[in-house]
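*Asks:* Coordinates for the following, if possible.
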Amino acid sequence: MEAVEGFGSASIAGAEASVKGKFGFAFRRPGLGRVEAVDPIGRTAFLIIFREGRAWFVLPGRKAYAEDAAGLMMERFLGVALEPDEATLLLSGTWKAGAPPGPGQGEEAWLLDRDAEGRVVRGARGELSFAVKSFFPGDGVPREITLLGADASGRVKVLKIALDPAPRDAAFDVAFLSRYVMKTWDELLELLER
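*Replies:* Below is the predicted model of the structure:
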């Protein structure tokens, strides 16, 4: 599986942040990703773009962004440090036995549990774990996933998903950020609270 795109909802509570709402996602191997959170009337509240081990958390309404390592930015969003390629595997249900660690994760591989049908139902790596609560009918693609990290827990529900869609490279382009102001993470959090 090289790519996933779709729409979902999340409810995550953690030490760094709490997130509750709907979001669109696109992940493409190797290392590309985009998460776009929307407000109740469908406007983009924020987006995160992942590429080449880096991530940009963008507030379009404020024309501001912060940049950091991909895993760290995912941890700020989801409360768990998933790399974009790991998100692709998790959302598509295509984990292989002894799945390798993500970049910057040391030598620790994922430990995976499968059900009688061979579908991955649980996984753990260090203090991070997930459990698949339900699947889309007829296949091994997760529909509802619970996540547990050292300082966060919650669930992600996939409402719609496309596996290996046509590439949309423009979704991962960050050239538009030249018109935005770079902020530190703390400065961006202050903008979010206003």
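*Asks:* Show me the strands in this protein, by range?
*Replies:* In the chain, the strands defined using DSSP state E lie at 3-14, 18-28, 32-38, 44-51, 54-59, 64-69, 111-114, 120-125, 128-135, 142-148, 152-163, 181-182.
*Asks:* Show me what the third one is packed up against.
*Replies:* Looking back up the chat, that one is strand 32-38. On a contact count with 3 or more Cβ pairs under 8 Å, 6 or more residues apart in numbering; DSSP states H and E, strand 32-38 meets strand 18-28, strand 44-51, helix 84-92. For glycine as for every other residue, the C-beta is placed from the backbone atoms N, C-alpha and C.
*Asks:* Okay, angle between the shortest one and strand 54-59 too, please.
*Replies:* Comparing the axes of strand 44-51 and strand 54-59 via axes from the mean of the first three to the mean of the last three Cα atoms, to 10 degrees yields an angle of 170 degrees.
*Asks:* mind showing which ranges of this structure have poor pLDDT?
*Replies:* Along the chain, the model assigns pLDDT under 70 to residues 15-17, 97-108, 194.
*Asks:* the residue most distant from the middle of it, which is it?
*Replies:* Within the chain, Ala116 marks the point farthest from the mean C-alpha position, 27.5 Å out by Cα atoms, centre = their mean.
*Asks:* so who does that residue touch?
*Replies:* Not one residue lies near Ala116 by Cβ atoms under 8 Å, 6 or more residues apart in numbering.
*Asks:* same check, this time on Arg143
*Replies:* Shown in contact with Arg143 (Cβ under 8 Å, 6+ apart): Lys133, Ser134, Phe135, Phe136, Lys157, Val158.
*Asks:* how near is the nearest residue to the last one once chain neighbours are set aside to Arg62?
*Replies:* Spelled out, it's Val158. The shortest distance from Val158 to any non-neighbouring residue, by Cβ to Cβ, 6 or more residues apart in numbering, is to Gly8 (4.6 Å). For Gly8, the distance to Arg62 (Cβ to Cβ, to the nearest Å) stands at 24 Å.
*Asks:* ok, the two, which is more surrounded?
*Replies:* Neighbours were counted for Gly8 and for Arg62 using other Cβ atoms under 10 Å; Gly8 has more, 20 against 15.
*Asks:* isn't Gly93 right next to Ile145, touching?
*Replies:* No. Judged on Cβ atoms under 8 Å, Gly93 makes no contact with Ile145 at a distance of 9.8 Å.
*Asks:* shared neighbours, those two?
*Replies:* Common contacts of Gly93 and Ile145 (Cβ under 8 Å, 6+ apart): Val132.
*Asks:* quick revisit: looking at the strands of the chain, spot the one closest to Leu82.
*Replies:* With respect to Leu82, and counting by Cβ to Cβ, the nearest of those is strand 128-135 at 7.7 Å.
*Asks:* partner residues bridging the closest residue in space to Leu78 that isn't next to it in sequence?
*Replies:* Nearest non-adjacent residue to Leu78, counting by Cβ to Cβ, 6+ apart: Ile12, 5.6 Å away. Ile12 forms beta bridges with Val19, Gly154, as assigned by DSSP bridges.
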